[in-house]
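Colleague: What follows is a predicted structure for the sequence shown.
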Amino acid sequence: MFDRLEDILRRFEDITMELNDPAVVSDQDKFRDLMKEQKSLEALVECYTEYKKCKETIEESLSMLDEESDPDMKEMLREELSDAKDRLPEIEGRLKILLLPKDPNDDKNVIVEIRAGVGGDEAALFAADMYRVYTRYAERQNWRVETMSLEDIGIGGIKAVSFMIKGNGAYSRLKFESGVHRVQRIPATESGGRIHTSAITVAIMPEVEDVEVDIDMNDCKFDVFRASGNGGQCVNTTDSAVRLTHLPTGIVISCQDEKSQQQNKAKALKVLRAKLYEMEVARQHNDEAELRRSQVGSGDRSEKIRTYNFHQGRVTDHRINLTLYKIDQIMDGDIDELIDSLIAADQAEKLTTLNSN
């Protein structure tokens, strides 16, 4: 582990030197790539530097204790030694987590797809609520939200919505949200006051570049139609909406939020790339069953991951047996505690798997 850390430290120092080279500064592509690599190593280098300083403090304190005769100085050295020894295991733990293989998609933007499931109108109302949860969370993170398609039911509910969240690390924070979200509450449409159970599905897909997924345009069928719902004059009076059908898989994507066919076509292709990428990743994960067992949840849309019980004011994540009694805050987009707990559980399971191999 420490040989690898020394190599990373040397690489970090080399990058820092390169970034000061005028020739590199003038090459914007290389400069950007180096800045990105430096940023990715920064936390690990800082943690390793802290570890080395802590080790040095222990060695120096032990050496000075042998030579020191003054009682007050000896007491101060013992306190420094004790403090450093207490901190060392915590720093080692952080180092191990930072050395875990990084998901290559973690820094990417995400495409979020929410669909109403069982529960009729109540499921559609809950889909609208969860759309707000994720858009509010994005606002809290200073991320940008771009709606790609939205199909509402006219009473404030959403049958289906696709949107992109653009921000550094968006996928790393939201990737565990994929799956079935269940709600238990008295619907606004229910006059008898009975608690109903409804469900929606959420899919979190990393934005995929053209080079990562090659789409044969001969496999794509495009239909155009007039956009419906809210929109400007151009949107609702011209055939600007696009329906894309991917013939080999049967995937159908509609985009109507932009003013031109070309813009909607580009968005539809983005969603298709993300879906095809997700299918390929799922296939690989099925081939790597042991790896999937070492992760929190499968990310499968059919897996029930969370229950929102409004009557009891609780939200329970079934994958890590976590229950939080703060449903109002969560429904306002305050989901950091859920996300942090899922990330910590995933890291712990990966460390356990790594140590057992």
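Modeller: On my side now, so go ahead.
Colleague: Would you mark the buried spots in the top strand by length along the chain?
Modeller: For the chain, the longest strand by residue count, based on DSSP state E, is strand 196-206. Going by neighbour count (16 or more other CB atoms under 10 Å), the buried part of strand 196-206 is 196, 198, 199, 200, 201, 202, 203, 204, 205, 206. Every residue, glycine included, has its C-beta placed from N, CA and C.
Colleague: Same check on stretch 110-122?
Modeller: Quick answer for stretch 110-122 (16+ other CB under 10 Å): 110, 111, 112, 113, 114, 115, 116, 117, 119, 121, 122.
Colleague: pretty sure the first one is touching residue 202, no?
Modeller: Looking back up the chat, that one is residue 110. No - judged on CB atoms under 8 Å, residue 110 makes no contact with residue 202 at a distance of 11.0 Å.
Colleague: What sits closest to residue 268 if chain neighbours are left out?
Modeller: Distance criterion CB to CB, 6 or more residues apart in numbering; nearest residue to residue 268, sequence neighbours excluded, is residue 244 at 4.0 Å.
Colleague: Pull the number of nearby residues for that neighbour.
Modeller: When counting by other CB atoms under 10 Å, one arrives at 20 neighbours for residue 244.
Colleague: name the element it belongs to?
Modeller: Per DSSP states H and E: residue 244 is located in strand 241-246.
Colleague: Low-confidence bits of the stretch 201-350 of the chain, can you list those?
Modeller: Scanning the stretch 201-350 of the chain for pLDDT under 70 picks out the ranges 210-212, 228-238, 284-302.
Colleague: same thing but at 80, please
Modeller: 209-214, 226-240, 257-259, 281-303 (pLDDT under 80).
Colleague: Please enumerate the strands of it.
Modeller: For the stretch 201-350 of the chain, strands defined by DSSP state E, counting those that start in this stretch occupy the ranges 220-225, 241-246, 251-255, 304-309, 314-317, 322-324.
Colleague: who touches the fourth one?
Modeller: So that's strand 304-309. 126, 176-185, 199, 297, 315-319, 327, 330-331, 338 (CB atoms under 8 Å, 6 or more residues apart in numbering).
Colleague: partners of it, with directions?
Modeller: Strand 304-309 pairs in its sheet with strand 179-185 (parallel), strand 314-317 (antiparallel), by DSSP bridges.
Colleague: Take those and lay them out in JSON lines including mean neighbour count and distance to residue 17.
Modeller: Listed next are those as JSON lines, based on neighbours: other CB atoms under 10 Å; distance: least, CB to CB, whole Å:
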{"stretch": "strand 179-185", "mean neighbour count": "21", "distance to residue 17": "46"}
{"stretch": "strand 314-317", "mean neighbour count": "19", "distance to residue 17": "45"}
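Colleague: Can you add distance to residue 84 and give those back as TSV?
Modeller: What follows is the strands paired with strand 304-309, written out as TSV (distance: least, CB to CB, whole Å):
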stretch	distance to residue 84
strand 179-185	43
strand 314-317	37
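Colleague: Of these, which is nearest residue 262?
Modeller: Among these, strand 179-185 comes nearest to residue 262, with 34.2 Å by CB to CB.
Colleague: Please tell me how far residue 342 sits from residue 203.
Modeller: Applying CB to CB, to the nearest Å, the value for residue 342 to residue 203 is 16 Å.
Colleague: what's the neighbour count on residue 312?
Modeller: Neighbours of residue 312 using other CB under 10 Å come to 13.
Colleague: cool, residue 209 as well?
Modeller: With other CB under 10 Å as criterion, residue 209 counts 11.
Colleague: what's the answer for the one 10 residues further on, then?
Modeller: Close neighbours of residue 219, defined as other CB under 10 Å, add up to 12.
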